[in-house]
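[1] Starting from these lines, generate the structure:
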Amino acid sequence: MNPPSNKTITSQFKPPSSARTVDQDSASRMLLAIIATACFLAASVVVSGFIGFGTNISFQFALGWLIFLSAVLLTWPYLSLNTRGVVALLILASLIARWGYSWLIAPPREAVIGILVVLLYIPILLVITTLMFSAKAAFIGILIGLVMGTISFLGTTREVLAPLHLNDWRIAPLILCVYALFAWLLKRWVNERYALELSEQREQQLTLESNTDQLTGLANRRACEQRFQQLNAGPRTYAIIMLDIDHFKQVNDTHGHNEGDRVLRRVVNLLAGKLRPNDFIARWGGEEFLIILESISSANAKAVSDLLCQSIEDGTVNDIIPVTVSLGLALSASGRTAMDTLKSADDALYAAKTAGRNRVSLAF
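    Numbers count the residues shown, from 1 in each chain. So this is what the prediction gives:
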């Protein structure tokens, strides 16, 4: 059985959810909103086409979009984050195809509509794909800018687009530079957020390690001092138990420090199995442990102390090195600080050891 982690300590320094995962979830929701909106707009174009408005090619494009996006919406709850990212790339590819048709094939009126649609949707899809594929964000942006720029450069040679002022070759490098720059800035923003998260996690890990006893995995003395500050912050009912392993020096002298460490971990496991999830247990130093029982009556605190004492004796009776423990119990009182209560528990522990060990002594 592994040494238990101290929930009271670790919960204070629990690392936040991964920024990358949060970004992917946000991008997924953004993509869903875009798909739902595009699906509604495509349905509107299809309906208007049946009535007689719009061009035939617009109707066909809208119908194709409606079928594709409806299928995505129906299967959305069953798609993984990676699959949703692939959907975003497919939509990007479809927009690029629409961009190529608008510049190279479509009649002037249809070309303008297609170009506007793509220019409106591409930036949003770039944000989504950047959050989905942060490592490849710059590559995706540059590739999109290069493809769109090349297509628009070829499209500027079409004479039919001259009346619309779309025959200016400068449009192509402008599109390439803008989209590449946009993707690069997005990638910088995402990477800076991830670096900040990593720095925060490292700081939290260092804080956790500085408050944890490496041998037992319990809170250490420094963490106890922080806990005392919390107890002193307001009126609380609690009990403090000071626990000492009897004749532990003999264990180290006779069997060696490695066996002594094993005994410490064995005692910690037995103690943890008898405490409530919210009880605080720490290694005070050497073979001494401190336990804080909050919201507990004096009778129940005494019962818990007796249970711990008996559990250690019973739990190690068949071990190679059987051990017993002595406990000092003190209860909080109005006007007394946590350190006052600790001092009473320590005095009670001394009384238990003086009286013969393997027992609980209650401070009065």
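
[2] so who does residue 311 touch?
    Contact partners of residue 311, counting by CB atoms under 8 Å, 6 or more residues apart in numbering, are 270, 271, 273, 274. For the C-beta atoms, the positions are set from N, CA and C on the backbone; glycine is no exception.

[3] Okay, and which of those map to helices?
    Judged by DSSP state H, the contacts of residue 311 include 270, 271 as members of helices.

[4] For the contacts of residue 311, which single residue is the most surrounded?
    Highest neighbour count within the contacts of residue 311: residue 271, with 23 neighbours (other CB atoms under 10 Å).

[5] and that residue, what pLDDT?
    pLDDT, residue 271: 94.

[6] can you check residue 55 too?
    68.

[7] same check, this time on residue 333
    For residue 333, pLDDT reads 89.

[8] again, but for residue 167
    Confidence at residue 167, expressed as pLDDT, is 63.

[9] Now do the nearest residue to residue 211 once chain neighbours are set aside: how many residues are near it, please.
    Spatial nearest neighbour of residue 211, chain neighbours left out: residue 223 (3.9 Å); criterion: CB to CB, 6 or more residues apart in numbering. The tally of other residues near residue 223 (other CB under 10 Å) stands at 24.

[10] same check, this time on residue 145
    24.

[11] What is the nearest of the contacts of residue 311 to residue 121?
    residue 273 (58.8 Å; CB to CB).

[12] ok, that closest one to residue 265 distance?
    13 Å (CB to CB, to the nearest Å).

[13] Please apply the same query to residue 251.
    From residue 251 to residue 265 the distance is 13 Å (CB to CB).

[14] thinking again about what came up before, now the contacts of residue 311 in TSV, with distance to residue 302?
    Converted to TSV, the contacts of residue 311 look like this (distance: CB to CB, whole Å):
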residue	distance to residue 302
270	19
271	16
273	19
274	14
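
[15] Tell me the one of the contacts of residue 311 nearest residue 62?
    For those, the nearest to residue 62 is residue 273 (65.6 Å; CB to CB).

[16] which SSE is the closest residue to the closest one other than its chain neighbours in?
    In space, and not counting its chain neighbours, residue 273 is closest to residue 311: 7.5 Å by CB to CB, 6+ apart. Residue 311 is part of helix 298-316 when elements are defined by DSSP states H and E.

[17] would you put the C-alpha positions of that helix in CSV?
    Provided in CSV are the C-alpha atoms of helix 298-316 (Å, rounded to 0.1, in the frame of the first residue of the first chain):
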residue,chain,number,x,y,z
SER,A,298,-14.3,15.2,23.1
ALA,A,299,-15.8,11.7,23.5
ASN,A,300,-15.4,10.9,19.8
ALA,A,301,-11.8,12.4,19.8
LYS,A,302,-10.9,10.1,22.7
ALA,A,303,-12.5,7.1,20.8
VAL,A,304,-10.5,7.9,17.7
SER,A,305,-7.3,8.1,19.7
ASP,A,306,-7.9,4.8,21.4
LEU,A,307,-8.7,3.3,18.0
LEU,A,308,-5.4,4.5,16.5
CYS,A,309,-3.4,3.2,19.4
GLN,A,310,-5.0,-0.2,19.2
SER,A,311,-4.8,-0.3,15.4
ILE,A,312,-1.1,0.2,15.4
GLU,A,313,-0.5,-2.6,18.0
ASP,A,314,-2.9,-5.0,16.3
GLY,A,315,-1.7,-4.1,12.8
THR,A,316,2.0,-4.8,13.5
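
[18] The residue lying farthest from the centre of the chain and residue 329: what is the separation?
    Distance from the C-alpha centroid of the chain, by CA atoms, centre = their mean, peaks at residue 159 (55.6 Å). Residue 159 is 96 Å from residue 329, where distance means CB to CB.

[19] Same check on residue 151?
    80 Å.

[20] same check, this time on residue 210
    29 Å.

[21] cool, residue 103 as well?
    Residue 103 is 83 Å from residue 329, by CB to CB.

[22] what's the answer for residue 94, then?
    For residue 94 relative to residue 329 (CB to CB), the value is 72 Å.

[23] So which of those two has more stuff around it?
    Remark: of residue 94 and residue 329, residue 329 carries more neighbours, 26 against 18, as counted by other CB under 10 Å.

[24] I'd guessed residue 131 sits against residue 22; true?
    No - contact between residue 131 and residue 22 fails when scored by CB atoms under 8 Å: they sit 9.2 Å apart.

[25] On the C-terminal side of the worst-scoring helix or strand of the chain on mean pLDDT, identify the next helix or strand.
    Averaged element by element with mean pLDDT, DSSP states H and E, the chain has its least confident helix or strand at helix 7-10 (a mean of 42). Downstream of helix 7-10, the next assigned helix or strand under DSSP H and E is helix 19-51.

[26] in whatever helix or strand comes next after that next one, what's buried?
    Using DSSP H and E, the next helix or strand after helix 19-51 towards the C-terminus is helix 56-75. Using 16 or more other CB atoms under 10 Å as the test for burial, helix 56-75 gives 58, 59, 61, 62, 65, 66, 68, 69, 72.
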